[in-house]
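S.K.: Need a 3D model of the sequence below.
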Amino acid sequence: MEKNGIECCDAQELHPDLLTIVNEQMPPEEELYNLAELFKIFGDSTRIRILFVLFEAEVCVCDLAHALNMTQSAISHQLRILKQNKLVKNRREGKSIFYSLADDHVRTIIAQGLEHIEEEGNDRL
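M.R.: So this is what the prediction gives:
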């Protein structure tokens with residue numbers, strides 16, 4: 001049976017054993033909300049571009065602005081969001097502030113997302 005282009009079961013039949021496993025493994029609602037909020041941060045192409053620059057090197061706002069052909073103000077706004085969500089960190093060196101990825105988890109999330117879309121693109125060929 002198909003509803004709105006989505007395949008559905010022909011009969012309504014519950015599978016209690018599977019539902020028990022799912023319910024036991026499901027994280028608390030607050031964690032799911034926080035996870036959804038984290039993924040929203042990755043939903044902006046400017047922030048993704050910043051993260052890709054930071055894959056390669058620790059850089060200051062001036063370098064980021066130049067690399068991405070954007071204003072320092074626009075870069076600073078996005079860096080603030082990334083920092084608030086613990087995706088980047090910074091350090092001061094003299095008058096410069098250098099930014100880098102907060103940890104390897106950020107690199108892993110982006111790398112796996114990129115791998116997924118590249119794989120998806122190959123499936124269409």
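S.K.: Tell me where this structure has helices.
M.R.: 16-25, 29-41, 45-56, 61-68, 72-84, 104-123 (DSSP state H).
S.K.: Can you give me the distance of residue 117 to residue 48?
M.R.: Applying Cβ to Cβ, to the nearest Å, the value for residue 117 to residue 48 is 11 Å. Heads up, the C-betas are built off the backbone N, CA and C, glycines and all.
S.K.: tell me the contacts of the residue nearest the centre of the chain?
M.R.: For the chain, the residue nearest the mean C-alpha position is residue 42 (3.6 Å; Cα atoms, centre = their mean). For residue 42, the contacting residues are 48, 109-110, 113, by Cβ atoms under 8 Å, 6 or more residues apart in numbering.
S.K.: let's go with 7 Å and repeat that
M.R.: Counting by Cβ atoms under 7 Å, 6 or more residues apart in numbering, residue 42 makes contact with residue 48.
S.K.: measure it to residue 79 for me?
M.R.: 15 Å.
S.K.: Could you do residue 8 as well?
M.R.: Applying Cβ to Cβ, the value for residue 8 to residue 79 is 45 Å.
S.K.: neighbour count winner among these two?
M.R.: Set residue 8 next to residue 79 and count neighbours by other Cβ atoms under 10 Å: residue 79 wins out with 21 against 10.
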